[in-house]
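Trainee: quick one, fold the following:
(2 chains)
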Amino acid sequence: MVKSPEGANGLVSVPALLHRNAKEFGSAPAYREKEFGIWQSWTWAETLEEVEALALGLIDLGVQPGDHIAVIGRNRPYLYWSMMAAQMAGAIPVPLYQDAAAEEMAYTLDHSGARFVIAGDQEQVDKVIEVQAQLPGFEQMIYLDPRGLRKYDHSKLHQYSHVQDAGRAKRDELAPEMARRIAALDYDSTCVMLYTSGTTGKPKGVVLSNRNVIETSKSSSEFDGLRQSDDILAYLPMAWVGDFIFSVGQALWSGFCTNCPESADTMHVDLREIGPTYYFAPPRVFEGQLTNVMIRMEDAGAFKQKMFHYFMDHARKVGPAILDGKSVGLVDRLKYSLGELMVYGPLKNTLGFSRVRVGYTAGEAIGPEIFDFYRSLGINLKQLYGQTEATVFITAQPDGEVRSDTVGVKCPGVELKIEPNGEVFYRSPGVFVEYYKNAESTADTKDAEGWVATGDAGFIEEDTGHLRIIDRAKDVGQMASGALFAPKYVENKLKFFPNILEAVVFGNGRDECTAFINIDLTAVGNWAERNNIAYASYQELAGHPQVLATITDHVEEVNRSVAEDEMLSGCQVHRFVVLHKELDADDGELTRTRKVRRRIIEEKYADIITALYDGSSEVSTVTEVTYEDGRKGSISATLEIRSAVTSAVAQKMAAE
Amino acid sequence: MLDQAEGYVTADGRKIGGVVMEMKNITLRFGGVEAIKDISFDIREGEIRAIIGPNGAGKSSMLNVISGFYIPQVGQVFYKGAPRPPMKPFEVARQGIARTFQNIALFEGMTVLDNVMTGRLTHMKTGLWGQAIWKGKAEAEETANREVAERIIDFLEIQAIRKTPVARLPYGLKKRVELARALAAEPSLLLLDEPMAGMNVEEKEDMSRFILDVNDEFGTTIALIEHDMGVVMDLSDRVVVMDYGKKIGDGSPDEVRNNQDVIDAYLGVSHD
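Mentor: Numbers count the residues shown, from 1 in each chain, chains lettered A, B, ... in the order given. As a prediction, this is how the structure comes out:
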């Protein structure tokens, strides 16, 4: 890689981009946040003033170039400004997951050696105070919302607005120092450090340079034609690389407006009010919204239901083709327009998708029928494939080439290769600098030529150049018979049923596959309500015979579909249990981004797995659970083990 | 220590001021039943004062005396130093006293926001005609009141249900909405009648947090009735204990906890 001092158009850092935006789009909205029931907004010029005031305040507090500043809280303009202010002061922002428990936070805070913490509210301040004894590097904390913090010892604590006031008061004195620090930033200085969610082991601090962030933002903005007038809703964790790229990188590069919801609970209302033009959501959000629509349609009057289904059928037939600009007959087009007027338009408006021009989903596989539902409505939903180490983008689907089973073609500037074992490798301008204080892992992940292992197994389709991902490379195994074992492939098929929230398939090195299943309380609960089935708890509903029968049907349907794929037909689920509790990040069973932690689940539920394989018809178990406040309790349950019919193909193969 | 007119300082460093309300030898009868027998105590500015006792001890009656809803046959209530005459509910509200109810008393068909806005009623000055035309003063007034309501909605974290009719809300949230409505009146004395009744542990923790925050943030004096001893002991600065209409204890949570009469009342001994 040639190292040039010049960045894209001479813009080599986040502060430089902010200055450009303040100059060029000074009066255009940069940030909005709903507070006290009203959307408050800040222009780029105002944003620059706010950020500078905070940066000066930070310098005044003693922030030195190269310091790490942890930022913890929900998506708020002030916290995005904190990250930019840190960069203006020459420091490196480290956004952390706000829902992490104090001990989890202690690790990242200690590992990053953050001298300063900027926290959103009392809850976050409390967590840091709780663990501060374990943090030799920690010095000062700044908080945003003063509520409940009045009586705290303020020797190490500062209110955000007061820091800004101090910065403003000392502007004349400190401005030259700030200008010097901004000028010292070049294309290879660190822009941000983001912790991976830690699917395996401890979180790792991924160091991204200005080059990584700006090059990626530039090429991806161009790829999708993002404009200055676009709007996004920032509601995904600030510690996640995607949010950093969408709400900071691309927002600064393109100059579009970042909108922050009033609170996590109001996200759907706020989404409707803002009507973003550029939208990202993980598949589960799209799934949840579709489930809600379907549930609400069941309660609608007969006429409305009929109209809905009539036009949705038509949309499924021609909607995606119209969206892709393919030729569609005049009559079909007219009918689609009528449908737009009667059904699709109002529905999109209700969902908040009226203005979506570019929509992305990633992180997990999305069910084909969910994907098609949104596309048939005329929402340009696409898939991308990426990771923190790549500054998000590895592959993405260009307009007109969108399918539910691929993750798209390589993004501009990205090179791909597939190793013989199926693992996908990439090289791009977005490839991370290093794992902070972890040269060993850096070397394991990134080779001398800059190729990075994704840890995912996949293949590139010959004719289209699209990448298809099968599973995590390390999870792909072999069954006792030698057949390929790809648990995620089966789990995804199971999860495409609205009734199934989460599934974990076992079978590596065994004769047959078995599964744990979590029901989706919203969907199943609603079904129970409509069928007059009373239940007192999640556990009771999950163990209801009719629920078990429905889930058995789903499993058998998945078996039939898995059997169609010769390579993977060994992965059919023979026996399964519906778990008595939801797998939860608080119990360590999922990562904070809701990915299954296989090893931990295998250990924790070893007794149930044994029962799945020893032929017993039920199993009694006691499970430890962690409540939101960190206390522990336990749930005991007797679970029924169900057998599912496996498809004939597999039986024949097994016999051979 | 408590007898001093200047008040006292709590364990967590809050300064408690002088007496806001004083009950002097209150006796309240319903026909032949003596609900309250010769009780005296005071409420000081800025404190969280709890009234506890077993079922039927006369707690709610006491709160109704404080709120001016019941007029005691014997004894006198002093509010801000002056003896309080019998008053209508709206007059009580104008004095800066707001309350919540044990059995939630919200307007079920109205949205949360509208319910909270009703709490602003005493702060609205424009008349019927002005409101109907809704220009100038009435409009400005509504904007100002809405702003106060929104701050309270934000404070109690009920933004997500702002436009939801109250009837659709679960019990725990209704309790919170009721607190919001009471706070909207910007009271100097807030009366809470069993704010945690029927709640689960998590809801109780949330509610406790809000009560402490209200006291801390707005400096509101709070008098509350509560069943849950654990919650009361954690929350309040001083506790009055009632049993069979009589006061059997009064003091800090620790003093009350070690009071033999209180222990007897709760663990149960035969009453002669």
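Trainee: how about the contacts made by the residue of the stretch 151-272 of chain B found nearest chain A?
Mentor: Taking Cβ to the nearest Cβ, chain A has its nearest neighbour within the stretch 151-272 of chain B at B:A160, 3.5 Å off. In short, each C-beta sits where N, CA and C put it, glycine included. Contacts of B:A160 were listed using Cβ atoms under 8 Å, 6 or more residues apart in numbering or on different chains, and they are A:E262, A:S263, A:D265, A:T266, A:V269.
Trainee: adjacent strands (with direction) for the lengthiest strand in chain A?
Mentor: Longest strand of chain A, by residue count under DSSP state E: strand A:632-643. Using DSSP bridges, the strands paired with strand A:632-643 are strand A:573-578 (antiparallel), strand A:618-626 (antiparallel).
Trainee: chain center to the shortest one, what's the gap?
Mentor: To tie it back to what came earlier, the one meant is strand A:573-578. Distance of strand A:573-578 from its chain centroid, counting by Cα atoms, centre = their mean, to the nearest Å, is 28 Å.
Trainee: so which bits of stretch A:302-320 are buried?
Mentor: Under the neighbour-count criterion of 16 or more other Cβ atoms under 10 Å in any protein chain shown, stretch A:302-320 has A:F308, A:F311, A:M312, A:H314, A:A315, A:V318, A:G319, A:P320 buried.
Trainee: out of these, who's nearest A:S27?
Mentor: Nearest to A:S27 among the buried residues of stretch A:302-320 is A:G319, at 38.3 Å by Cβ to Cβ.
Trainee: list the contacts for the closest one?
Mentor: A:Y336, A:Y344, A:R375, A:S376, A:L377, A:G378.
Trainee: wait, the third one touches A:G400, no?
Mentor: Same thing as A:R375. No - under the criterion of Cβ atoms under 8 Å, A:R375 is not in contact with A:G400, lying 11.7 Å apart.
Trainee: pick out the residue closest to the middle of chain A.
Mentor: A:P282 (5.3 Å; Cα atoms, centre = their mean).
Trainee: and the closest residue to A:A101 other than its chain neighbours, how far from chain B?
Mentor: Distances taken as Cβ to Cβ, 6 or more residues apart in numbering or on different chains place A:G630 nearest to A:A101, at 6.0 Å, with adjacent residues excluded. Distance from A:G630 to chain B, counting by Cβ to the nearest Cβ, to the nearest Å: 13 Å.
Trainee: so how many other residues sit close to A:G630?
Mentor: Using other Cβ atoms under 10 Å in any protein chain shown, the number of residues around A:G630 comes to 11.
Trainee: please identify the helix or strand for the residue nearest to A:V433 when sequence neighbours are not counted.
Mentor: Distances taken as Cβ to Cβ, 6+ apart put A:V207 closest to A:V433, at 4.4 Å, once the chain neighbours are dropped. Here A:V207 sits within strand A:205-209, counting by DSSP states H and E.
Trainee: which elements pack onto that strand?
Mentor: helix A:102-112, strand A:190-195, strand A:434-435 (3 or more Cβ pairs under 8 Å, 6 or more residues apart in numbering or on different chains; DSSP states H and E).
Trainee: after the last one, next one along is what?
Mentor: The one in question is strand A:434-435. That would be, after strand A:434-435 and using DSSP H and E, helix A:439-445.
Trainee: gap between A:S254 and A:G325?
Mentor: Counting by Cβ to Cβ, to the nearest Å, the gap from A:S254 to A:G325 is 24 Å.
Trainee: looking at these two, which is more packed in?
Mentor: Neighbours around A:S254 and A:G325, counted as other Cβ under 10 Å, are more numerous at A:S254. The numbers are 25 against 9.
Trainee: separation between the more buried one and B:Q260?
Mentor: In terms of Cβ to Cβ, A:S254 sits 73 Å off from B:Q260.
Trainee: now A:E50
Mentor: For A:E50 relative to B:Q260 (Cβ to Cβ), the value is 61 Å.
Trainee: returning to what we had before: now the buried residues of stretch A:302-320 as CSV including secondary structure and pLDDT?
Mentor: Putting these into CSV (DSSP: H, G, I helix; E, B strand; the rest coil; pLDDT from 0 to 100) gives the following:
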residue, secondary structure, pLDDT
A:F308, helix, 94
A:F311, helix, 95
A:M312, helix, 93
A:H314, helix, 94
A:A315, helix, 93
A:V318, helix, 92
A:G319, helix, 89
A:P320, helix, 88
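Trainee: closest one of these to B:Q131?
Mentor: Using Cβ to Cβ, A:F308 is the member of those that lies nearest B:Q131, at 41.9 Å.
Trainee: right, and the closest one touches A:A302 too?
Mentor: No - judged on Cβ under 8 Å, A:F308 makes no contact with A:A302 at a distance of 10.7 Å.
Trainee: flag the shaky bits of chain A, pLDDT-wise.
Mentor: Residues of chain A meeting the criterion pLDDT under 70: A:1-9, A:198-200, A:566-567, A:648-656.
Trainee: outline the domain layout of it.
Mentor: A:22-185+A:224-264, A:281-379, A:477-655 (automatic domain parsing).
Trainee: what segments of the stretch 101-250 of chain A are helices?
Mentor: Using DSSP state H, counting those that start in this stretch, the helices found in the stretch 101-250 of chain A span residues A:102-112, A:122-131, A:160-169, A:171-184, A:210-223, A:241-244.
Trainee: following the helix or strand hosting A:T47, which helix or strand comes up?
Mentor: Taking DSSP H and E as the definition, one finds A:T47 inside helix A:44-61. Note on helix A:44-61: by DSSP H and E, the next helix or strand toward the C-terminus is strand A:68-72.
Trainee: export that following strand as CSV, just CAs?
Mentor: The C-alpha coordinates for strand A:68-72 follow below in CSV (Å, rounded to 0.1, in the frame of the first residue of the first chain):
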residue,chain,number,x,y,z
HIS,A,68,-7.9,7.1,24.7
ILE,A,69,-11.3,8.6,25.5
ALA,A,70,-14.1,6.1,26.2
VAL,A,71,-17.6,7.1,25.1
ILE,A,72,-20.5,5.3,26.6
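Trainee: looking at the stretch 1-150 of chain A, which residue is nearest chain B?
Mentor: For the stretch 1-150 of chain A, Cβ to the nearest Cβ, closest residue to chain B: A:F36, 3.9 Å.
Trainee: secondary structure class for the residue nearest to that residue when sequence neighbours are not counted?
Mentor: Distance criterion Cβ to Cβ, 6+ apart; nearest residue to A:F36, sequence neighbours excluded, is B:E150 at 3.9 Å. Look at B:E150: counting by DSSP: H, G, I helix; E, B strand; the rest coil, its state is helix.
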